[in-house]
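>>> A predicted structure for the sequence below; I have some questions about it.
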Amino acid sequence: MNIDPKRFSVFIVNSGFRYSSEDVSNSIYRAFERTCGKENVFQYQTQSGYDFCKKILTTYNVFNDKDSPVHYDIVQLLSDPILRYVIQVQPDLVLFIHGGNINMEVVECLKTSCPNTRTAIWLVDDPMQVDHSETYSNKFDYVFVNEKNTVRIHGEDKSWHLPLAFNDELFDVNIYDLEDRFKSEILIFGSLYPERVDFIEELYKY
């Protein structure tokens, strides 16, 4: 299928997590802007990703709340700002970043209300979160994963290995200008999960 990027519209839903996830969402948004044009890319992010998503989504319990599980009918779900906006704009694609905090009833309602709009999820925390992400990735039309070994877990017919790229706008640093305390022979990129910290500490022995 041939797609003209300048005629392709994308609506991006941020992960809602703090810290680096906001940078990831913004980087993806900027990449789509350059490819599809600013007029064709939409995103919910006017303040920090977590605070803004928490504000607009908890109104209708789009964020899963284990203490008070609530399931809304179609009418109530259609009141959600994401659905209202998507129904109004009718983008070609709604891209969820991470998606672990989103109530999947919203995704199901979106697919029913906008049959010509495709849904996708970009799982940027696999393989660390694969035990969780595999429970909801089947709700989306397309699945992009950061780890190639999880493609088969999410379904090879609809999943693709798509690792995050380096954002030279965000990380515009000349390594030769760094202070001596930041210089090293080994540089490790990624989130500092406890397991990774343990691994790095093991390397100290060598």
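Yep, it's here. Numbering: from 1, shown residues only.
>>> what pairs with the residue most central in space within the chain across the strands?
Nearest residue to the geometric centre of the chain (CA atoms, centre = their mean): Ile97, 1.0 Å. Beta bridges link Ile97 to Trp122, judged by DSSP bridges.
>>> these two touch, right, it and Asn26?
No: look at Ile97 against Asn26 with CB atoms under 8 Å: they stay out of range, at 10.1 Å. Backbone N, C-alpha and C define where each C-beta goes, glycine included.
>>> Model confidence score at Val143, please.
Predicted confidence (pLDDT) for Val143: 96.
>>> nope, Glu195 is what I meant
80.
>>> For the strand or helix carrying it, buried residues please.
Assigned by DSSP states H and E, Glu195 belongs to helix 194-203. Using 16 or more other CB atoms under 10 Å as the test for burial, helix 194-203 gives no buried residues.
>>> The closest residue to Arg118 other than its chain neighbours - how many residues pack around it?
Among residues not flanking Arg118 along the chain, Asp141 sits closest, at 4.6 Å (CB to CB, 6 or more residues apart in numbering). Residues near Asp141, counting by other CB atoms under 10 Å, number 14.
>>> contacting residues for Asp141?
Applying CB atoms under 8 Å, 6 or more residues apart in numbering to Asp141 gives the contacts Lys111, Arg118, Thr119, Ala120, Lys158.
>>> which ones among the residues you listed are found in strands?
Here DSSP state E is the test, and these give Arg118, Thr119, Ala120 as lying in strands.
>>> now the helices: where do they sit in this protein?
For the chain, helices defined by DSSP state H occupy the ranges 20-36, 49-57, 74-77, 81-89, 104-113, 130-133, 151-154, 194-203.
>>> tell me the angle the fifth one makes with strand 118-123.
Angle, helix 104-113 to strand 118-123, by axes from the mean of the first three to the mean of the last three CA atoms, to 10 degrees: 150 degrees.
>>> Over to the first one?
Following the same axes, to 10 degrees, one obtains 140 degrees for the angle between helix 20-36 and strand 118-123.
>>> Just the CA atoms of helix 20-36, as CSV, please.
The C-alpha coordinates for helix 20-36 follow below in CSV (Å, rounded to 0.1, in the frame of the first residue of the first chain):
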residue,chain,number,x,y,z
SER,A,20,11.8,10.3,30.1
SER,A,21,8.5,9.1,28.6
GLU,A,22,7.6,12.7,27.9
ASP,A,23,10.8,13.2,25.9
VAL,A,24,10.0,10.0,24.0
SER,A,25,6.5,11.2,23.1
ASN,A,26,7.7,14.6,22.1
SER,A,27,10.5,13.1,19.9
ILE,A,28,8.0,10.8,18.1
TYR,A,29,5.6,13.8,17.7
ARG,A,30,8.4,15.9,16.1
ALA,A,31,9.4,13.1,13.8
PHE,A,32,5.9,12.8,12.5
GLU,A,33,5.7,16.6,12.1
ARG,A,34,8.7,16.5,9.9
THR,A,35,7.3,13.6,7.8
CYS,A,36,3.6,14.4,7.6
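>>> Skipping adjacent residues, who's closest to Ile87 in space?
Here the residue nearest Ile87, using CB to CB, 6+ apart, is Ser113, at 5.6 Å.
>>> Noted, bye for now.
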